[in-house]
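**Student:** Got a sequence here, can you model it:
(one chain, ligands or ions: 1)
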Amino acid sequence: MTNLSYDAKMREAMQALTQWGAFLTTSADGAQNTMAIGWGSIGFAWGKPLFTVLVRNTRYTHELLEKATEFVVSIPLTDHMQKELDYCGTQSGRDKDKFRTSNLKTAPGQKVSVPIIAGCQLHYECRILTSLPISLDELHESCHQWYADDYHILYVGEILACYEIA
Ligand SMILES: Cc1cc2nc3c(=O)[nH]c(=O)nc-3n(C[C@H](O)[C@H](O)[C@H](O)COP(=O)(O)O)c2cc1C
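**Tutor:** This is a model prediction of the structure:
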């Protein structure tokens, strides 16, 4: 395991995220869940490194994030976890425990109580700083095509740890 600066693998992270996706894992009230994400951004504000994820309000993950204080983004840098990403991107934790019904394995986080997804090379452990709901009134019309009525909420996490596991 190699600890990294939050921006050391930014290009690789964004390529993987947009090509096949990543796992967004969170927990609240004793429940734990992970879903696939394909959008997100790594940045810097308030003197802190940030990972911002976009979660639609119908997701069980959204329900958990509203009560959670932390999340983890685990990114496979190759497409070897395509099957698991498809599963976590089509099944809801509202209906089933995805950890019990798939081959997914977890490992403890370093700085947060949310686990990482084993088998992914890159991990971002985050503390939630704020959440920002998307409002169509304030969104440029070139982005409206992505919405009917299920809007995203942006969750802005401070990156507390970023590391690679070979
Ligand atoms: C590759 C991929 C990327 C996805 N990206 C997102 C995303 O960025 N935001 C989102 O809200 N849903 C995204 N989804 C859909 C969710 O992963 C999917 O609805 C999932 O079943 C939600 O799980 P949950 O109800 O357990 O939270 C994506 C799905 C796939 C397959």
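
**Student:** Which strand or helix spans the residue most central in space within the chain?
**Tutor:** Closest to where the C-alpha atoms of the chain average out (Cα atoms, centre = their mean) is L24, at 2.7 Å. Assessed by DSSP states H and E, L24 sits inside strand 22-28.

**Student:** got the residues of this protein near the ligand?
**Tutor:** 21, 33, 35-39, 54-56, 59-61, 85-86, 89-94 (Cβ under 6 Å from any ligand atom). For the C-beta atoms, the positions are set from N, CA and C on the backbone; glycine is no exception.

**Student:** State the pLDDT value of the residue in the chain that the ligand sits nearest to.
**Tutor:** Of all residues in the chain, G89 sits closest to the ligand, at 2.4 Å by Cβ to the nearest ligand atom. On pLDDT, G89 comes in at 98.

**Student:** Which strands border the strand holding L24, and is each parallel or antiparallel?
**Tutor:** Next to strand 22-28 in the sheet, as set by DSSP bridges, lie strand 31-37 (antiparallel), strand 70-75 (antiparallel).

**Student:** returning to what we had before: keep only those of the residues of the chain next to the ligand that are in strands.
**Tutor:** Within those, residues falling in strands by DSSP state E are N33, M35, A36, I37, L54, V55, R56.

**Student:** Run a quick neighbour tally on the last one.
**Tutor:** This means R56. Neighbour count for R56, taken as other Cβ atoms under 10 Å: 16.

**Student:** same deal with Q82?
**Tutor:** Neighbours of Q82 (other Cβ under 10 Å): 12.

**Student:** Check E138 too.
**Tutor:** 7.

**Student:** residues touching the nearest residue to R56 once chain neighbours are set aside, list them.
**Tutor:** For R56, ignoring the flanking residues on the chain, the nearest one in space by Cβ to Cβ, 6 or more residues apart in numbering is D150 at 4.8 Å. Neighbouring residues of D150 by Cβ atoms under 8 Å, 6 or more residues apart in numbering: R56, N57, T58.

**Student:** Repeat that for L65.
**Tutor:** T26, A28, V55, F71, I128, S131, I153, Y155.

**Student:** Do you have the strands of this structure handy? List them.
**Tutor:** With DSSP E as the criterion, the chain has strands spanning 2-3, 22-28, 31-37, 40-45, 48-56, 70-75, 106-107, 116-117, 122-133, 152-164.

**Student:** any chance of these in JSON lines, plus mean pLDDT?
**Tutor:** What follows is those, written out as JSON lines (pLDDT from 0 to 100):
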{"stretch": "strand 2-3", "mean pLDDT": "98"}
{"stretch": "strand 22-28", "mean pLDDT": "98"}
{"stretch": "strand 31-37", "mean pLDDT": "98"}
{"stretch": "strand 40-45", "mean pLDDT": "98"}
{"stretch": "strand 48-56", "mean pLDDT": "98"}
{"stretch": "strand 70-75", "mean pLDDT": "98"}
{"stretch": "strand 106-107", "mean pLDDT": "98"}
{"stretch": "strand 116-117", "mean pLDDT": "98"}
{"stretch": "strand 122-133", "mean pLDDT": "98"}
{"stretch": "strand 152-164", "mean pLDDT": "98"}
